[in-house]
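Trainee: Sequence first, predicted coordinates after that:
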Amino acid sequence: FDIAAKNYVMNIRFRGGATETLSAEDMGFSYQPDGSIDVLLQNQDETLWPKYYLEENHYTITPTGTYDPDILEASLRALPELQEENMILPEDAYIQFRDGTKDTDGEFVIVPDVKGSTIDLDQLAAGVGDAAARYEEMVDAEEIPYAYKTAGTQADDAKLVARCMDLNDMVGASLTYVMPDKEEIRLNSDILKDWLVKDKKGRLGKDEEIWKEKISDFVQTLADNGNTVGMKRHFNATLQGPIVVEGGFYGYAVDQEAERNRLAKDLENCVKDTRTPIYWNLPYNEETEYDGIGTTYIEADLSAQHVWCYIQGRLVMDCDCVSGTMSDGHATLAGVHGIMFKKRNALLQGLMPNSSTEYEYETEVKYWMPFYTDVGFHDAWWRADFGGDIYLKDGSHGCINLPPEAAEELFSYCDENMPVVVYY
């Protein structure tokens with residue numbers, strides 16, 4: 001046993017697969033009798049020798065050894081794996097945002113901790129010495145408790161996992177808005193993650209005021225990209241040819257308050273959806289001709305004092321008209337509007353200036369087709385003449401007066417929200 005102890009070697013396998021060998025001398029290792037051989041000898045019965053002369057008998061003795069802790073530590077300290085420049089410090093697991101792709105949304109993920117290779121010499125020496133005392137030929141340093149220093153936060157840390165889930169819940173919505181020009185505006189985790197802010201401890205989270213501001217900013221972006229009310233529109237006028245008409249109340253207009261409220265709830269509930277914004281105003285149809293006016297519209301050339309109605313590009317009626325008086329500030333508002341509604345037998349009333357009860361006029365008409373506030377097309381049965389320059393000094397209070405027969409015909413063609421193109 002003493003000879004075996006002197007020839008004993010210990011193989012140590014390190015993280016990464018490298019193996020180092022220590023001799024008995026490297027460990028100050030020697031055989032340490034424990035009395036087990038003496039006990040065996042004392043238990044033998046000399047009178048039974050004839051029996052065991054004729055048959056074999058086996059006894060097992062486990063030898064024990066001892067080592068010098070100082071020599072062992074010095075030998076271990078000299079190994080390449082325990083040199084400071086060769087040891088990699090462990091790194092904590094942490095949360096990181098992984099960007100999405102064209103087809104997938106990004107998400108917060110846990111970047112695993114780095115085990116590193118930094119060794120605690122005291123723990124390693126204790127484990128190696130314990131294995132040597134049992135004459136083990138191989139010891140795995142990773143199996144020695146606390147031999148390797150570990151990261152403070154590991155990937156399976158319950159708090160870290162819960163935090164990652166919370167962050168993904170904050171940015172879990174995925175919304176695609178289809179705008180009037182078919183452009184798509186996305187709001188998903190790749191954008192929402194930038195809405196989060198760090199608190200005093202450096203932790204990402206939602207600041208409710210900032211979150212509301214971000215929602216408002218996004219809805220404003222929808223409005224900036226989706227609103228067509230009042231935009232400049234290129235139009236081929238019947239008499240003037242190509243013109244640009246600006247202003248009016250026709251087209252798309254995002255209802256920002258309604259959209260903000262809907263969006264706030266959907267972000268909270270991680271809704272995934274493809275949709276259009278909520279609009280408070282919509283065009284007559286989705287035709288794209290003339291920058292969204294389409295091919296069905298009413299045209300009013302107030303310089304020519306003439307009105308035309310086109311249905312799917314075909315002229316169905318036209319007539320002279322009288323618009324708002326230019327000389328007294330009642331000029332009809334130019335722009336692209338939309339028929340608000342149409343009504344038979346309406347009473348038109350205009351309040352006196354600075355009065356809320358006295359009317360300047362009250363006029364009954366058979367055909368009423370307003371296209372903004374209290375201005376619209378209607379029959380003017382009291383007029384004998386239309387067209388020309390009547391509107392300059394003897395026009396209406398803003399409405400477009402039509403001959404009774406023409407008003408009836410236009411009434412039959414017009415629909416709610418039909419575009420009305422007014423220009424001079």
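Mentor: Right, received. Where do you want to start?

Trainee: What sits closest to Tyr31 if chain neighbours are left out?
Mentor: Excluding the flanking residues, the one nearest Tyr31 by Cβ to Cβ, 6 or more residues apart in numbering is Ala5, at 3.7 Å. Backbone N, C-alpha and C define where each C-beta goes, glycine included.

Trainee: can you check Leu267 too?
Mentor: Among residues not flanking Leu267 along the chain, Ala173 sits closest, at 4.7 Å (Cβ to Cβ, 6+ apart).

Trainee: now swap in Lys393 and tell me
Mentor: Lys393 sits nearest to Ser327 (Cβ to Cβ, 6+ apart), 4.9 Å away.

Trainee: Quick check, the one you found in contact with Tyr391.
Mentor: No: Ser327 lies out of contact with Tyr391 (Cβ atoms under 8 Å); the separation is 9.3 Å.

Trainee: next helix or strand past the helix or strand bottoming out on mean pLDDT in the chain?
Mentor: Every helix and strand of the chain was ranked by mean pLDDT, DSSP states H and E. The lowest is helix 49-54, at a mean of 65. Downstream of helix 49-54, the next assigned helix or strand under DSSP states H and E is strand 65-66.

Trainee: strands paired with that following strand, and their directions?
Mentor: For strand 65-66, the paired strands and their directions (DSSP bridges) are strand 30-31 (antiparallel).

Trainee: could you give the mean pLDDT of the strand it pairs with?
Mentor: In this model, strand 30-31 has a mean pLDDT of 91.

Trainee: One more: stretch 354-367?
Mentor: 82.

Trainee: can I get the CA coordinates of that stretch in PDB?
Mentor: C-alpha atoms of stretch 354-367 as PDB (Å, rounded to 0.1, in the frame of the first residue of the first chain):
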ATOM      1  CA  ASN A 354     -75.100  89.900 -33.200                       C
ATOM      2  CA  SER A 355     -78.400  88.200 -32.600                       C
ATOM      3  CA  SER A 356     -79.300  84.700 -31.500                       C
ATOM      4  CA  THR A 357     -83.100  85.000 -31.900                       C
ATOM      5  CA  GLU A 358     -83.800  87.300 -34.800                       C
ATOM      6  CA  TYR A 359     -83.500  86.100 -38.400                       C
ATOM      7  CA  GLU A 360     -82.200  88.100 -41.300                       C
ATOM      8  CA  TYR A 361     -84.100  85.800 -43.600                       C
ATOM      9  CA  GLU A 362     -86.300  82.700 -43.500                       C
ATOM     10  CA  THR A 363     -86.800  81.000 -46.900                       C
ATOM     11  CA  GLU A 364     -88.600  77.800 -47.800                       C
ATOM     12  CA  VAL A 365     -87.000  75.700 -50.500                       C
ATOM     13  CA  LYS A 366     -88.000  72.400 -52.100                       C
ATOM     14  CA  TYR A 367     -84.600  70.900 -52.500                       C
END
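
Trainee: Just the buried residues of that stretch, please?
Mentor: Neighbour-count burial for stretch 354-367, counted by 16 or more other Cβ atoms under 10 Å, picks out 363, 365, 367.

Trainee: what's in contact with the helix or strand containing the last one?
Mentor: Read that as Tyr367. Element membership of Tyr367 [criterion: DSSP H and E] is strand 359-372. For strand 359-372, the surrounding residues in contact (Cβ atoms under 8 Å, 6 or more residues apart in numbering) are 248-249, 333, 337-353, 376-382, 397, 402, 404, 407-408, 410-411, 414, 420, 422.

Trainee: Show me what counts as buried in the helix or strand hosting the residue nearest to Tyr31.
Mentor: Element membership of Ala5 [criterion: DSSP H and E] is helix 2-7. Buried positions in helix 2-7, judged by neighbour count with 16+ other Cβ under 10 Å: Ala5.
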